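S.K.: what's the 3D shape of this:
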Amino acid sequence: MSSTALVRGMGSFFKECGHPRPRWSKCPHLYKIRYRPAAGKQVKESGFATQDKAIARLAEVYNAKKAVPRG
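M.R.: Reported below is the predicted structural model:
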């Protein structure tokens, strides 16, 4: 499992279920992510089966955001 430490500004991943965070790895509910793309509006995506997939998507969005020139 990957590290849960994310870069500031990358976004966050979570589950909207009643299970405590230490139980998330065994919980059947899907992960959701929240981030702000280059446009600045908050976006929420869901449907990630594992924490690694959620973090990979956050990293993908973060790298795309960093590639956009400031204007």
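S.K.: Quick check: residue 68 vs residue 24, distance?
M.R.: With the distance defined as Cβ to Cβ, to the nearest Å, residue 68 ends up 32 Å from residue 24. Glycine gets a C-beta too; all of them are placed from N, C-alpha and C.
S.K.: When the two are compared, which one has more neighbours?
M.R.: Between residue 68 and residue 24, residue 24 has the larger neighbour count (other Cβ atoms under 10 Å), namely 16 against 10.
S.K.: pLDDT score for that one?
M.R.: Residue 24 is assigned 85 on the pLDDT scale.
S.K.: Provide a list of residues in contact with it.
M.R.: When contacts are counted by Cβ atoms under 8 Å, 6 or more residues apart in numbering, residue 24 touches 15, 31, 51.
S.K.: In the protein, where is pLDDT below threshold?
M.R.: Applying pLDDT under 70 to the chain flags residues 1-5, 71.
S.K.: looking at this, residue 52 is in a helix?
M.R.: Yes - judged by DSSP: H, G, I helix; E, B strand; the rest coil, residue 52 forms part of a helix.
S.K.: where do the helices sit along the chain?
M.R.: 51-67 (DSSP state H).
S.K.: follow-up on the earlier one: any chance of the contacts of residue 24 in TSV, with neighbour count and distance to residue 40 too?
M.R.: Below are the contacts of residue 24 laid out as TSV (neighbours: other Cβ atoms under 10 Å; distance: Cβ to Cβ, whole Å):
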residue	neighbour count	distance to residue 40
15	19	26
31	22	23
51	16	26
